[in-house]
Structure formats: C-alpha cells, structure tokens
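J.: predicted model follows, preceded by the sequence.
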Amino acid sequence: MNRKLRALLFVTVFVGTIFYSFNKTKANVLFEAINAGNEARAVEIVKAHPGYIGKTYAVRHGKGDDAYWVDGGETGLHAAARAGMDQLVAAMVAAKKVDINVKDKQGRTPMYLAAVLGVKGNPDKVVAALIAAGADIDQGKPGLTLVNEVLQRKRTAVARQLVDAGAKTTPADLEELAKLEKAAEAD
C-alpha cells in the first residue's frame with residue numbers, strides 16, 4: 001500500500017471513529033427513540049433531559065465496510081417534526097431549549113420538515129404545534145413559498161393550516177389549494 005493510500009485510510013478511519021463516538025453520546029438515546037417510533041419514550045427522555053433537544057446527531061448509512069456517518073445538523077426537534085410526533089414536538093416546544101426556527105445543514109427548519117417531508121404520524125398536528133409556538137411559516141426553498149411546496153405534495157390540510165395562519169402565498173398557490181379542496185369535497 002502506498003503512503004498516500006495509507007494516509008487516506010487512516011484519516012477515513014479516524015473521522016469515522018469520531019462520528020461513531022459523536023453518534024453514541026447520551027443525547028443519542030433521544031434519536032434512537034424517535035427513529036424507533038417510540039414517541040412515549042422520547043417524551044420521557046425530553047422531560048428528563050431537556051438539553052438533548054438542541055443536540056445534533058450523526059446518522060449511519062449503509063452496512064458493514066460500506067457504512068459511513070453523516071452529520072446533517074438535525075436537532076431532536078427536526079427529527080420529531082419529520083417523524084410526525086406531535087406530543088413530542090409539544091414537549092420540546094414547552095421546554096424552550098432550542099430555537100423553533102433552527103436550520104439543519106440543508107437550511108430546513110422543523111416546520112419545513114413537518115409540512116413538506118413529514119409523512120408519518122400526525123404532520124398536521126405537528127404543524128399546528130409549531131404554528132402555535134411561533135415558527136416561521138414562510139420558509140420554503142428559494143423562489144417558492146412553503147405553501148407552494150406543500151401543495152406540490154398534495155397536502156391540502158397542511159396547506160390550509162399555513163394559509164389560515166397567514167403564510168405567504170401567490171395567486172397560483174391559492175388557486176391550487178381551492179382546486180385540491182374542491183376535489184377532496186367531491187370524493
């Protein structure tokens with residue numbers, strides 16, 4: 001093995017070990033509970049250790065020798081919002097240990113994850129809890145409103161919540177929402 005390859009291998013193993021150690025912190029029990037879908041356990045953890053809410057965690061991708069760690073900058077609030085865990089989000093918001101509009105490394109807020117990407121649990125209840133806590137309801141991708149992104153995924157109830165809360169919209173957003181609501185009534 002040449003010297004450069006050995007150095008690269010060493011750095012890869014060293015960085016992997018750091019991410020592994022980082023991932024196995026005590027705060028990671030919160031993420032393990034969320035990822036397992038155990039909302040009741042996650043709420044217990046938040047109540048006992050509110051400081052865990054704002055911690056970020058690394059995610060392991062792949063298996064065996066092909067595994068690697070990625071730190072996406074998601075906090076417990078991001079993970080709970082994405083998982084649609086409304087009771088957990090309410091407990092986290094009540095603890096006031098993390099900025100409600102904190103962004104992950106991709107610039108996504110908990111509101112964005114719940115409204116646009118949340119497919120499990122109760123995303124509409126999570127959105128309601130985040131709206132009640134004062135979350136930014138206008139943060140979408142550049143050039144798009146959050147309502148527009150929600151409508152692209154045909155999430156009519158969530159779009160209606162955002163519009164009723166005063167989210168920025170375009171005439172096209174309102175037209176699409178009316179069309180989707182009319183179609184839902186016809187069903």
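T.: Received it, and whenever you're ready, just let me know what you need.
J.: I'd like the next helix or strand past the lowest-mean-pLDDT helix or strand in the chain.
T.: Least confident helix or strand of the chain, by mean pLDDT, DSSP states H and E, is helix 3-23 with a mean of 53. Sequence order places helix 28-35 as the next helix or strand after helix 3-23, per DSSP states H and E.
J.: which parts of the protein are helices?
T.: 3-23, 28-35, 39-48, 76-83, 86-95, 110-112, 123-132, 146-152, 156-164, 171-186 (DSSP state H).
J.: out of these, which one sits most buried?
T.: Each of these was assessed for mean neighbour count using mean count of other Cβ atoms under 10 Å. The highest is helix 110-112, with a mean of 30. Quick note: C-beta positions are derived from backbone N, CA and C, even for glycine.
J.: residues in contact with the most centrally placed residue in the chain?
T.: Nearest to the geometric centre of the chain sits residue 78, at 3.1 Å (Cα atoms, centre = their mean). Neighbouring residues of residue 78 by Cβ atoms under 8 Å, 6 or more residues apart in numbering: 102, 104, 108, 110, 113.
J.: gap between it and residue 3?
T.: To residue 3, residue 78 is 41 Å away according to Cβ to Cβ, to the nearest Å.
J.: read off the pLDDT value for the residue nearest to the centre of the chain.
T.: With respect to pLDDT, residue 78 scores 90.
J.: could you report the neighbour count for residue 101?
T.: Neighbour count of residue 101, defined by other Cβ atoms under 10 Å: 16.
J.: which non-adjacent residue is nearest it?
T.: Residue nearest to residue 101 in three dimensions, not counting chain neighbours: residue 136, with 4.8 Å by Cβ to Cβ, 6 or more residues apart in numbering.
J.: now do residue 170
T.: residue 145 is the one closest to residue 170 (Cβ to Cβ, 6+ apart), at 6.3 Å.
J.: isn't that neighbour right up against residue 163?
T.: No - in this structure, residue 145 is not within contact of residue 163 by Cβ atoms under 8 Å, at 10.0 Å.
J.: give me the common contacts of the two.
T.: Shared contacts of residue 145 and residue 163, defined by Cβ under 8 Å, 6+ apart, comprise 169, 173.
J.: so where's this structure uncertain?
T.: Scanning the chain for pLDDT under 70 picks out 1, 4-27, 58-71.
J.: now do 90
T.: The chain contains residues with pLDDT under 90 at 1-36, 49-76, 79, 82, 95-99, 103-108, 117-124, 138-145, 180, 183-187.
J.: that's all I had, so thanks and see you.
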